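Peer 1: Could you work out the structure for the sequence below:
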Amino acid sequence: MTDRPGAAFAPRRAARDYDAIVIGSGMSGGWAAKELCERGLRTLVLDAGRPFDPVADAREHVPPWEMRFRGLGDRRATEARQPVQRRSVSFDEQSARFWIDDAVHPYTTAEGRPFNYFRPSHVGGKSIMWGRQVYRLSDADLGANLRDGVGVDWPVRYAQLAPWYDHVERYIGVSGQAERLASLPDGVFLPPMAMTPPERHLRDRVARAFGSARRVTIGRVAVLTRAHGGRAPCHYCGPCQRGCSTLSYFSSPNVTLPAAQGTGRMELRANTVVREVVWDGRLGRVRGVRALDAVSREELEFTARVVFLCAGALESARLLLLSTSSAFPDGLANGSGQVGRNVMDHIKGAGASARFEGWDDVLPEGVRPNGIYLPSFRNARADGRDRHADFPRGYAFQGGAGRQDWRAHLAAPGLGAALKRALVEPGPWTFGWEARGEMLPRESNRLTLHPTKVDPWGIPVAHFDVRWSDAELAMHRDMARAAVEMLEAAGAVDIRPFERPSVPGSTNHEMGTARMGRDPRTSVLDAYNRAHDVPNLFVTDGACMTSSPCQNPSLTYMALTARAVDHAVRLLGRREL
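Peer 2: Alright, predicted model coming up:
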């Protein structure tokens with residue numbers, strides 16, 4: 001505990017001083033590093049994972065026949081060492097190396113309440129394996145808590161975020177189609193990727209049957225469709241979760257970390273486990289961090305004028321809870337008691353698959369790293385006139401159409417010429433989509449520190465007590481029904497609905513745990529992601545989210561981070577930090 005006013009650090013080696021420290025190097029941490037360095041601040045970036053080279057470490061071009069297990073993976077080894085990580089949709093034989101070893105990085109859950117905690121093993125975090133879908137939040141999303149009387153009100157609205165969405169999109173490159181929807185604001189787009197004929201057919205039939213409220217569009221994705229910022233356009237090779245040696249999609253090692261490095265002001269330190277953000281009672285602010293070299297076990301200490309916590313919603317909360325003092329006995333910046341609470345994820349596992357007849361003379365071109373998107377149409381109006389009786393929030397569909405190929409015959413019987421012909425002859429057009437729905441913020445869904453279990457560095461592990469509410473489960477049932485009714489309207493055949501609620505955490509969109517809000521008594525962060533209780537501490541990853549609108553959230557993290565850095569630099573310039 002660090003609670004002596006003005007107490008000097010007692011490191012085993014001399015502390016190093018910086019203008020800013022960024023904890024975490026993924027989606028938010030990369031943006032914090034870039035913006036801080038470009039504003040002239042000497043910045044230290046700390047990451048617990050190993051180094052990552054975006055070209056040398058990418059594995060997207062390794063064909064199945066060059067893999068030891070032909071792309072199927074060593075199931076015995078992954079079940080023993082990575083039983084949780086292997087459940088991620090981004091996990092395969094090549095990307096397994098990008099996920100942590102569950103045996104080394106354990107966590108616990110409340111009995112009968114499973115939770116999937118997916119964690120990266122390298123610098124850049126999940127920005128390497130993410131789905132690259134990027135959507136803006138709307139005023140209806142940001143006002144939903146106030147409108148419904150759920151949780152606390154967001155302290156920002158769309159007009160305040162729009163310039164920062166612009167700023168981020170211009171830099172990372174986003175392919176998409178403008179649609180002029182109030183529920184899904186348009187952005188700064190590169191040319192959209194093309195829909196397949198069945199997808200265009202579905203779009204038109206859904207619009208005809210349900211009107212403008214249901215607008216099928218091509219996904220908005222942080223993948224380049226033309227050269228941008230010195231990076232090459234995507235060549236549709238497919239397995240983006242293995243990295244991208246052409247730098248065609250956004251990740252922090254591909255884009256923001258090199259920009260920060262190019263200023264000459266960033267020091268990046270991998271294999272560094274931060275144990276505590278250090279509170280100085282005399283100064284009334286944090287002075288820096290205590291950390292451990294994950295390889296040598298050397299104890300480290302670093303100081304800075306401002307600290308950005310970007311370790312991910314769950315790790316950032318754990319670190320705040322670990323950073324105790326007499327001023328903050330329940331965790332740093334936790335005067336409200338909200339740190340670790342309101343864990344959110346998107347519920348999924350409901351949708352439908354089908355087959356479309358026709359277009360036998362059309363073949364897909366490459367492996368498009370994208371799908372189609374149907375924005376939320378339930379409870380999507382800010383005036384509440386489309387309110388559903390069983391649940392207050394909405395969901396969006398993601399999916400796409402393709403033709404069956406050789407993979408459909410992996411378990412087929414037979415051999416010889418007939419089988420070879422079947423392998424090269426394209427099958428029918430199939431379609432599938434799945435919804436992702438908003439989870440309500442609830443204080444009972446929380447992360448705490450386990451009282452006895454620790455990780456290999458002696459740090460208490462996370463303990464989760466998270467479950468879906470009746471509202472999310474009612475929404476889940478509606479997802480499957482809506483998926484079927486739209487496929488029926490489009491004339492699809494062999495429609496097969498599925499409805500199995502995902503385990504919380506499975507969508508990998510963890511949010512909450514240190515929410516933004518207007519009142520320090522009920523929230524952790526202010527409108528600029530600054531801790532109410534700690535003037536020089538900013539938290540800009542998913543922990544800051546006040547609610548969990550059904551859009552993929554990473555674009556919002558990046559925009560909030562850039563906005564927070566701008567605010568921090570202004571405060572530093574006025575000598576208020």
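Peer 1: Now Leu321: closest residue in space that isn't a chain neighbour?
Peer 2: Using C-beta to C-beta, 6 or more residues apart in numbering and skipping residues adjacent in sequence, the residue nearest Leu321 is Gly331, 4.0 Å away. To be clear about C-beta, it is placed using only N, CA and C from the backbone, and glycine gets the same treatment.
Peer 1: how deep is the one you found tucked in, by neighbour count?
Peer 2: Neighbour count for Gly331, taken as other C-beta atoms under 10 Å: 23.
Peer 1: Give me the below-cutoff pLDDT ranges for this protein.
Peer 2: 1-15, 406-412, 414 (pLDDT under 70).
Peer 1: please redo it, this time with the cut-off set to 80
Peer 2: 1-15, 64-65, 67, 69-74, 77, 381-386, 404-415, 417-425 (pLDDT under 80).
Peer 1: Look up how far Asn379 lies from the nearest residue to Pro114 once chain neighbours are set aside.
Peer 2: By the measure of C-beta to C-beta, 6+ apart, the closest residue to Pro114 outside its immediate chain neighbours is Val503, 4.9 Å from it. Val503 is 24 Å from Asn379, where distance means C-beta to C-beta, to the nearest Å.
Peer 1: just to revisit the earlier point, quick one: the residue nearest to Pro114 and Asn116 touch, right?
Peer 2: Yes: in this structure, Val503 is within contact of Asn116 by C-beta atoms under 8 Å, at 5.2 Å.
Peer 1: and for these two, which residues touch both?
Peer 2: Arg87 (C-beta atoms under 8 Å, 6 or more residues apart in numbering).
Peer 1: now the helices: where do they sit in the stretch 201-350 of the chain?
Peer 2: With DSSP state H, counting those that start in this stretch, the ranges of helices along the stretch 201-350 of the chain come out as 257-262, 313-322.
Peer 1: Find the one among those with the highest mean neighbour count.
Peer 2: Among these, helix 313-322 has the highest mean neighbour count (mean count of other C-beta atoms under 10 Å), at a mean of 25.
Peer 1: what's the offset of that helix from the middle of its chain?
Peer 2: 16 Å (C-alpha atoms, centre = their mean, to the nearest Å).
Peer 1: can you check stretch 292-300 too?
Peer 2: Stretch 292-300 sits 28 Å away from the centroid of its parent chain (C-alpha atoms, centre = their mean).
Peer 1: Please apply the same query to stretch 511-521.
Peer 2: With C-alpha atoms, centre = their mean, you get 19 Å for stretch 511-521.
Peer 1: what distance separates the start and the end of it?
Peer 2: 20 Å (C-alpha to C-alpha, to the nearest Å).
Peer 1: before we move on, what about stretch 301-315?
Peer 2: 19 Å.
Peer 1: tell me which residues in that stretch are buried?
Peer 2: Using 16 or more other C-beta atoms under 10 Å as the test for burial, stretch 301-315 gives 301-315.
Peer 1: Taking the residues you listed, tell me the two that lie furthest apart.
Peer 2: Pairwise distances across the buried residues of stretch 301-315 peak at 26.8 Å for Arg305 and Leu314 (criterion: C-beta to C-beta).
Peer 1: residues touching Arg477, list them.
Peer 2: 350, 499.
Peer 1: In the stretch 301-450 of the chain, mark out all the strands, start to finish.
Peer 2: 347-356, 372-374, 395-403, 429-437, 446-454 (DSSP state E, counting those that start in this stretch).
Peer 1: any chance of the ones you listed in JSON lines, with mean neighbour count and distance to Ala327 too?
Peer 2: Formatted as JSON lines, the strands of the stretch 301-450 of the chain follow (neighbours: other C-beta atoms under 10 Å; distance: least, C-beta to C-beta, whole Å):
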{"stretch": "strand 347-356", "mean neighbour count": "23", "distance to Ala327": "38"}
{"stretch": "strand 372-374", "mean neighbour count": "24", "distance to Ala327": "46"}
{"stretch": "strand 395-403", "mean neighbour count": "23", "distance to Ala327": "42"}
{"stretch": "strand 429-437", "mean neighbour count": "23", "distance to Ala327": "39"}
{"stretch": "strand 446-454", "mean neighbour count": "15", "distance to Ala327": "18"}
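Peer 1: Show me where the stretch 451-577 of the chain has its helices.
Peer 2: Counting by DSSP H, counting those that start in this stretch, the helices of the stretch 451-577 of the chain are 470-489, 554-573.
Peer 1: now, of the ones you listed, which is deepest in the fold?
Peer 2: The stretch of the helices of the stretch 451-577 of the chain with the highest mean neighbour count (mean count of other C-beta under 10 Å) is helix 554-573, at a mean of 23.
Peer 1: Can you check what angle separates that helix from helix 313-322?
Peer 2: If you take axes from the mean of the first three to the mean of the last three C-alpha atoms, to 10 degrees, helix 554-573 sits at 40 degrees to helix 313-322.
Peer 1: among the strands of the stretch 301-450 of the chain, which is nearest Thr272?
Peer 2: strand 446-454 (18.2 Å).
Peer 1: hmm, back to that, could I get the helices of the stretch 451-577 of the chain as TSV with distance to Gly131?
Peer 2: Formatted as TSV, those follow (distance: least, C-beta to C-beta, whole Å):
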stretch	distance to Gly131
helix 470-489	18
helix 554-573	9
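Peer 1: To Ala162, which of those helices lies closest?
Peer 2: Per C-beta to C-beta, nearest to Ala162 of the helices of the stretch 451-577 of the chain: helix 554-573, 8.8 Å.
Peer 1: That closest one - contacts with which helices or strands?
Peer 2: helix 27-38, helix 158-172, strand 299-309, strand 537-539 (3 or more C-beta pairs under 8 Å, 6 or more residues apart in numbering; DSSP states H and E).
Peer 1: Nearest to Arg285, out of these?
Peer 2: When those are compared by C-beta to C-beta, strand 537-539 sits nearest Arg285, at 7.6 Å.
Peer 1: Mind listing residues that contact that closest one?
Peer 2: 32, 277, 285-286, 306-310, 316, 320, 332-333, 514, 524-525, 528-531, 564-565, 568.
Peer 1: Next, the buried residues of that strand.
Peer 2: Across strand 537-539, burial judged by 16+ other C-beta under 10 Å covers 537-539.
Peer 1: With distance to Val156 added, can I get those residues in JSON lines?
Peer 2: Shown next, in JSON lines, are these (distance: C-beta to C-beta, whole Å):
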{"residue": "Leu537", "distance to Val156": "18"}
{"residue": "Phe538", "distance to Val156": "14"}
{"residue": "Val539", "distance to Val156": "15"}
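Peer 1: from those residues, which is closest to Glu488?
Peer 2: Out of the buried residues of strand 537-539, the member with the shortest distance to Glu488 (by C-beta to C-beta) is Val539, at 45.3 Å.
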